[in-house]
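Predicted model and sequence below, questions to follow.
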Amino acid sequence: MTTPPLSLLADLARAATPGPWHSDADYIYGAAPDGSIPYHLLTMSEHAKEADARHIAAFSPSVCLALLERCREAEVERDRHAAGAEAYRAEIEEIKAVLGLLAGGDGRSVADHVRQLAARIAELEAGLVEACDAWEGWVTSGERWDPRETDRIADLRALTTPSR
């Protein structure tokens, strides 16, 4: 089964009878649009299970919208971790390129430039390790594990190994 886009689920939830909903053996009930009296939304067939009714009632539109908001917040947090790690990667790559081309010219020796840039790379690599740790901790916790992200984190971690 393919998971529908979050925006479609939100649109469906907003269009449905607002919650909370509840159930008994025969019906699923929702509140009237003005919230005054409950009315039945769905009659359970003789083949439907009571557990199905409880499940449907538990996932009222308000519950669905709250869960979707938590999904959006989690995506923002994941993207923030990934962006932080990518920023470190970009600067590390830039400095490594400069180290490869460095020929002097500002009065300092090449060795002075190399020492300065090597120190900055060490700082950035430490930051990258921290960013990857935070990102990986987030990705591997709970139900959010995604092997593509752990592969990307491993690729970023490989930048912290000596290339010389």
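It's in.

quick one: what helix or strand has the residue nearest to the spatial centre of the chain in it?
Nearest to the mean C-alpha position of the chain, counting by Cα atoms, centre = their mean, stands residue 75 at 3.0 Å. Assigned by DSSP states H and E, residue 75 belongs to helix 61-101.

quick one, the following helix or strand past that helix and helix 61-101 angle?
Once helix 61-101 ends, the next helix or strand along the chain (criterion: DSSP H and E) is helix 110-140. Counting by axes from the mean of the first three to the mean of the last three Cα atoms, to 10 degrees, helix 110-140 points 160 degrees away from the direction of helix 61-101.

For helix 110-140, the averaged confidence score.
Averaging pLDDT along helix 110-140 gives 85.

quick one, domains of this protein?
The record's domain parsing of the chain by automatic domain parsing lists 17-59, 76-158.

and residue 30, that one's in a strand?
Yes. If the criterion is DSSP: H, G, I helix; E, B strand; the rest coil, then residue 30 is within a strand.

Please tell me I have it right and it contacts residue 23.
No. If you go by Cβ atoms under 8 Å, residue 30 and residue 23 don't touch, sitting 10.2 Å apart. Just so you know, the C-beta spots here come from the backbone N, C-alpha and C atoms, and that holds for glycine as well.

just to revisit the earlier point, worst mean pLDDT among the domains of the chain?
domain 17-59 (a mean of 68).

end-to-end on that domain?
Length of domain 17-59, first residue to last, Cα to Cα, to the nearest Å: 12 Å.

Pull out the buried residues from the helix or strand harbouring residue 157.
Residue 157 belongs to helix 147-158 when elements are defined using DSSP H and E. For helix 147-158, burial by neighbour count (16 or more other Cβ atoms under 10 Å) applies to 149, 152-153, 156-157.

Looking at these, which is nearest residue 85?
Lowest distance from residue 85 to the buried residues of helix 147-158 (Cβ to Cβ) belongs to residue 156, with 5.2 Å.

From residue 126, how far out is that closest one?
Applying Cβ to Cβ, to the nearest Å, the value for residue 156 to residue 126 is 13 Å.

what separates the residue nearest to the centre of the chain from residue 69, distance-wise?
From residue 75 over to residue 69 the distance is 11 Å, taken as Cβ to Cβ.

Lovely, talk soon.
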